[in-house]
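*Asks:* Would you be able to build a 3D model of this:
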Amino acid sequence: MQRLHEERANALLERHAADNANELTEVEAAVNAVKVAFASGQALPLQQLQLHLLAKMEPVPSQSMI
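*Replies:* Numbering: from 1, shown residues only. As a prediction, the model looks like this:
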């Protein structure tokens with residue numbers, strides 16, 4: 001039984017690590033997009049930037065999927 005709990009805990013940790021890696025990738029993409037916009041002298045309206053970020057995000061799984 002203890003081994004089962006340890007395996008489940010390890011699986012959860014791996015999933016959380018993967019989720020964090022995905023979030024970091026999304027944040028890096030957003031930061032790079034803003035850097036490019038500023039470097040080219042363009043200003044991105046906040047709403048356009050938010051839509052761009054939302055389009056890149058994956059849907060959050062519901063609790064029933066976890």
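*Asks:* switch to C-alpha atoms for all contacts and neighbour counts from now on
*Replies:* OK.
*Asks:* list the contacts for Arg15?
*Replies:* By CA atoms under 8 Å, 6 or more residues apart in numbering, the contact list for Arg15 is empty.
*Asks:* no no, Ala9
*Replies:* When the contact criterion is CA under 8 Å, 6+ apart, Ala9 has no partners at all.
*Asks:* Which of the three states applies to it?
*Replies:* Secondary structure assignment for Ala9 (DSSP: H, G, I helix; E, B strand; the rest coil): helix.
*Asks:* and Leu24, what pLDDT?
*Replies:* Reported pLDDT at Leu24 in the predicted model: 89.
*Asks:* Please give the element, helix or strand, for it.
*Replies:* Using DSSP states H and E, Leu24 sits in helix 2-39.
*Asks:* Now that helix: buried residues?
*Replies:* 26, 30, 33-34 (16 or more other CA atoms under 10 Å).
*Asks:* so which of the residues you listed comes closest to Asn20?
*Replies:* Of all the buried residues of helix 2-39, Glu26 has the smallest distance to Asn20: 9.9 Å, by CA to CA.
*Asks:* measure the closest one to His5 for me?
*Replies:* Distance of Glu26 to His5, given as CA to CA, to the nearest Å: 32 Å.
*Asks:* repeat for Ala55
*Replies:* Look at Ala55 and His5: by CA to CA, they are 37 Å apart.
*Asks:* Can you lay out the buried residues of helix 2-39 as JSON lines showing distance to Ser40?
*Replies:* Converted to JSON lines, those look like this (distance: CA to CA, whole Å):
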{"residue": "Glu26", "distance to Ser40": "21"}
{"residue": "Ala30", "distance to Ser40": "16"}
{"residue": "Ala33", "distance to Ser40": "11"}
{"residue": "Val34", "distance to Ser40": "10"}
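*Asks:* nearest to Ala18, of these?
*Replies:* Looking across the buried residues of helix 2-39 and measuring by CA to CA, the closest to Ala18 is Glu26, at 12.5 Å.
*Asks:* mind checking how far the most centrally placed residue in the chain is from Glu7?
*Replies:* For the chain, the residue sitting closest to the mean C-alpha position, by CA atoms, centre = their mean, is Glu23 at 2.2 Å. Using CA to CA, Glu23 is found at 24 Å from Glu7.
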